[in-house]
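Asks: any chance you could fold what I've pasted below:
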Amino acid sequence: MHQALFVSDVLLDIFAHVNNLSSTASSTGQRPSSWTSLASLAATCKAFHEPAMDLLWAKVDSLVPLLGCVTRLHPLIYRTSYDYAPWTAGVEPLSADETPQFLRHSARIRLLNIPTNQCVQLLSVIPVEACVFPRLQSLNISSSKYLGIFLSHTLRHCSVYPVHLPRSIGIPHTTGWDLSIKTFDRSTADQLSLLSDRVRSCEQLVTLSCPPLDWAAWKHLSNLPTLVKVRLREVRGHVTPPWPLERIINFSPFLNLTALAFTVDSAAYTSTIIQHSQFPSLKEFEITIEVLSSIEAERLLRALSHYQQTLEQLTVILGEFDDPKHNSSIAISQFLCFTQLRSLRLDSCIYLDNNLLLEAISAWPHIHTLLIATNRFRPPITFRGLFTALHQCPRLKSLRVLVDTTNIDVDPDAEPIPHTSLQTLELDSAEPQLANAEAIARLILTWLPCVYEVEEFSDDWGPWDEVNMHLTSLRAATLHATQAASNT
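Replies: Have a look, this model is predicted:
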């Protein structure tokens with residue numbers, strides 16, 4: 001063996017390279033090629049065995065491989081005959097003598113996924129407070145019943161589906177935690193209250209994703225200097241309980257929280273939190289909401305306007321407006337105060353014409369991503385209005401708008417002013433077919449030279465495939481002409 005392989009750092013780098021060659025399983029269910037290579041290396045010699053085994057067991061997608069190390073369970077798990085019944089049917093839990101076999105490789109695991117509860121009940125012999133995965137860094141578990149078994153002081157990310165929440169989540173006091181508590185099937189008020197109690201036992205949180213919390217839990221979160229991101233998601237069909245406003249405790253400022261996201265049925269809970277909290281470092285805000293009235297929209301955006309100097313990324317995804325008389329131009333005008341925006345996504349029936357687009361883009365000098373879904377039954381933006389507005393935002397890289405594909409209002413003899421930073425263009429049209437596909441392709445080629453295809457943001461590809469065919473042909477012809485000219 002070459003002397004360089006006796007240097008541990010060199011050996012670990014080589015093995016890491018082998019592990020990254022093909023670390024994903026194929027669609028046929030076969031193990032990735034890196035797994036086969038590492039298994040061969042582990043069996044080569046003693047020097048290779050430990051580092052190869054560490055990589056082989058670093059990521060485990062179920063408890064089955066660990067249970068397969070138990071002599072009694074191995075023939076049940078890896079049986080050759082097919083049986084409709086799960087292999088765990090009628091199987092007794094592990095005994096105290098079998099626990100060491102199960103834990104044979106537990107110290108090597110860094111990332112563990114437990115997608116079902118099928119095997120968890122076999123671990124009842126292991127004390128819940130035991131720390132049997134000492135190097136675990138990421139955990140995705142479908143049951144919190146035996147959660148304590150998997151908690152370690154090295155754990156940084158935990159995703160748990162709390163059908164039965166433990167008395168305490170029992171998160172160790174580590175330097176930083178990402179906690180994702182998945183939603184209940186039916187989030188009753190009692191369950192949400194219990195969840196809030198458990199979250200108040202968590203310290204050192206960095207990111208938190210969970211169902212809505214009560215005001216006491218929000219008070220606790222406001223005192224966590226480590227917290228940088230919160231995402232709250234209501235369970236569909238179960239509205240957040242109307243926790244009394246008089247119970248709102250004076251929150252401390254969320255000093256370091258930079259990202260806040262909500263998925264809710266109504267805006268009341270979100271607006272209340274924004275109005276009674278302080279987020280001096282807030283840069284990203286996202287809300288996905290089923291119905292939003294004009295009054296609710298005004299209240300929410302007024303509360304958000306306090307962060308117009310810090311917000312850089314804003315996403316508002318609306319299912320529908322419940323006010324048929326809603327004037328969407330008023331809604332778009334309320335976004336103009338966010339002058340520091342880098343990214344804006346608005347999925348709703350917002351009204352947008354040439355003048356409003358120009359006014360909006362002029363208000364966002366730093367914008368690089370602008371994705372707006374507008375009402376197809378209203379006057380769309382024309383290509384002339386689009387190109388005029390693009391001159392005001394030279395940094396724009398991604399754009400989504402509805403355009404008028406019927407009336408091409410750009411003079412074909414006009415000297416184009418290319419916008420060279422735009423790379424991703426998503427367009428929608430009120431027309432199912434385009435009569436001017438080639439003309440539109442020529443406009444895009446000359447005015448937007450870095451756009452290689454037009455993407456359609458609805459489910460149906462629609463008319464843009466024909467535009468893209470012309471765009472490809474025109475680009476190839478232009479390249480051929482350029483090369484021919486350079487050779488003469």
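Asks: next up, the contacts around the residue nearest to residue 454 when sequence neighbours are not counted.
Replies: Take residue 454 and drop its neighbours on the chain: the residue closest to it by Cβ to Cβ, 6 or more residues apart in numbering is residue 464, 4.6 Å away. Any C-beta I mention is one placed from the backbone N, CA and C, and that applies to glycine too. By Cβ atoms under 8 Å, 6 or more residues apart in numbering, the contact list for residue 464 reads 427, 429, 434, 454, 455, 456.
Asks: so which of these is the closest to residue 125?
Replies: If you rank these by distance to residue 125 using Cβ to Cβ, residue 455 comes first, at 54.9 Å.
Asks: list phi and psi for the residue nearest to that closest one when sequence neighbours are not counted.
Replies: Excluding the flanking residues, the one nearest residue 455 by Cβ to Cβ, 6+ apart is residue 426, at 4.5 Å. Per-residue torsions, residue 426: phi -110, psi 120 (degrees, to the nearest 10).
Asks: ok, now how distant is residue 426 from residue 127?
Replies: 54 Å (Cβ to Cβ, to the nearest Å).
Asks: in the stretch 351-488 of the chain, where is pLDDT below threshold?
Replies: For the stretch 351-488 of the chain, applying pLDDT under 70 flags the ranges 375-379, 457-462.
Asks: hmm, back to that, any chance of the contacts of residue 464 in a markdown table with distance to residue 440, neighbour count and secondary structure as columns?
Replies: Putting those into a markdown table (distance: Cβ to Cβ, whole Å; neighbours: other Cβ atoms under 10 Å; DSSP: H, G, I helix; E, B strand; the rest coil) gives the following:
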| residue | distance to residue 440 | neighbour count | secondary structure |
| --- | --- | --- | --- |
| 427 | 9 | 25 | strand |
| 429 | 9 | 22 | coil |
| 434 | 7 | 20 | coil |
| 454 | 8 | 22 | strand |
| 455 | 14 | 14 | strand |
| 456 | 13 | 19 | coil |
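Asks: what is the most widely separated pair among those residues?
Replies: So, those by Cβ to Cβ: farthest apart are 434 and 455, at 15.1 Å.
Asks: for the stretch 101-250 of the chain, which segments count as strands?
Replies: 111-114, 138-141, 157-160, 177-181, 205-210, 229-233 (DSSP state E, counting those that start in this stretch).
Asks: format those strands as a markdown table; extra columns: distance to residue 368 and mean neighbour count.
Replies: Shown next, in a markdown table, are the strands of the stretch 101-250 of the chain (distance: least, Cβ to Cβ, whole Å; neighbours: other Cβ atoms under 10 Å):
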| stretch | distance to residue 368 | mean neighbour count |
| --- | --- | --- |
| strand 111-114 | 33 | 18 |
| strand 138-141 | 31 | 20 |
| strand 157-160 | 29 | 19 |
| strand 177-181 | 27 | 20 |
| strand 205-210 | 24 | 20 |
| strand 229-233 | 21 | 18 |
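Asks: okay, which residue of the protein is out on the far edge from center?
Replies: residue 488 (52.1 Å; Cα atoms, centre = their mean).
Asks: following element in sequence after the helix-or-strand element of the chain with minimal mean pLDDT, please.
Replies: Of the helices and strands making up the chain, the lowest-confidence element is helix 328-333, at a mean of 59, by mean pLDDT, DSSP states H and E. Heading C-terminal from helix 328-333, the first helix or strand you meet, by DSSP states H and E, is strand 343-350.
Asks: and that following strand, which strands flank it?
Replies: With DSSP bridges as the test, strand 343-350 is paired with strand 313-320 (parallel), strand 369-374 (parallel).
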